[in-house]
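**Student:** quick one, structure for this:
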Amino acid sequence: MKGLMEMTLSQMREAMVCGDVSSRELTESWLQALEAKEKDIGAFITLCPERALREADAIDEARARGEELSPLAGIPMAVKDNICVKGLPTTCASKMLENFVPPYNATAYEKLHQCPLLGKTNMDEFAMGSTTENSAFHVTRNPRNTACLPGGSSGGSAACVAAGEAPFALGSDTGGSIRQPAAFCGVVGMKPTYGSVSRYGLVAFASSLDQIGPMTRTVRDNALVLDALAGYDRLDST
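**Tutor:** All right, here's what the predicted structure looks like:
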């Protein structure tokens, strides 16, 4: 398990392609780590372990059939809870949306749908904050020092990556909401150039500034996720 948890995204991909590890084994390892650490960190609003394992099994079966898969297929991830995922609550950390379940996927999530989803991460309510203290559900702690805050508004995404609860996560950045918590938690966060990643399915804060981006442990990992996310989307006018 220790070896799996220390792998970069490219190493995980290579291990699965070579048959050294399955997506299910990888996902189970991250779920075990998440379960052990989450009570102290509070990085997630919604966890979906059963869904993650089903998705991992589906990727393993597709790989065994020789199907063409995306570069990050089978690597588990976490998604900020203002990014729509069909069939899962998208609360924006607000009681007003506590029971909202989107009927569609955000384009950014759709591009990574072959990555088993561990859960939806905590944030400042409607992304309006910089500490993750403004969540309607609970405060997220900084894994480097749980007496400190993780920053925000993508504090849950930064914290889960820093804590080793997920190999990578998606956040959103309007005025620093990826970059600031990444700095606080000691991970790599990227706000992509506006328009390079689709905003479709992101609950808006300020549409002329909002951008979805990756949060990872290394710069190379960040580039791999950004490469998967970027591209034209007819559903996003920008």
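
**Student:** so residue 92 sits against residue 83, correct?
**Tutor:** No. Applying C-beta atoms under 8 Å as the test, residue 92 and residue 83 come out as separate, 9.7 Å apart. For the C-beta atoms, the positions are set from N, CA and C on the backbone; glycine is no exception.

**Student:** between the two, which contacts overlap?
**Tutor:** Counting by C-beta atoms under 8 Å, 6 or more residues apart in numbering, the common neighbours of residue 92 and residue 83 are residue 203.

**Student:** which residue sits closest to residue 171, ignoring its sequence neighbours?
**Tutor:** The spatial neighbour of residue 171 that comes closest, neighbours along the chain excluded (C-beta to C-beta, 6 or more residues apart in numbering), is residue 154 at 3.2 Å.

**Student:** neighbours of that neighbour, just the number please.
**Tutor:** Number of residues near residue 154 (other C-beta atoms under 10 Å) recorded here: 37.

**Student:** check contacts around residue 106.
**Tutor:** Residue 106 makes contact with 83-85, 198, 200-202, 212 under the criterion C-beta under 8 Å, 6+ apart.

**Student:** next up, the contacts around the spatially closest residue to residue 132 that is not a sequence neighbour.
**Tutor:** Among residues not flanking residue 132 along the chain, residue 155 sits closest, at 3.0 Å (C-beta to C-beta, 6+ apart). The contact partners of residue 155, by C-beta under 8 Å, 6+ apart, come to 43, 122-124, 131-132, 140, 149, 181, 184-185.

**Student:** kindly report the same for residue 143.
**Tutor:** So residue 143 contacts 37, 41, 150, 159, 162-164, 185 (C-beta under 8 Å, 6+ apart).

**Student:** check residue 214 too.
**Tutor:** With contacts defined as C-beta under 8 Å, 6+ apart, the neighbours of residue 214 are 168-171, 188-190, 221-222, 225-226, 229.

**Student:** which one (most neighbours) among those residues?
**Tutor:** Neighbour counts for those peak at residue 171, which has 33 neighbours (criterion: other C-beta under 10 Å).

**Student:** residue ranges in the chain under the pLDDT threshold?
**Tutor:** By pLDDT under 70, the weakly predicted segments of the chain are 1-2.

**Student:** now the helices for it?
**Tutor:** Applying DSSP state H to the chain gives helices spanning 2-6, 9-17, 23-41, 49-64, 107-111, 155-162, 179-185, 219-229.

**Student:** can you say which of those helices is nearest to residue 70?
**Tutor:** Residue 70 sits nearest to helix 219-229 of all the helices of the chain, at 6.6 Å, using C-beta to C-beta.

**Student:** so how far is residue 47 from residue 37?
**Tutor:** 12 Å (C-beta to C-beta, to the nearest Å).
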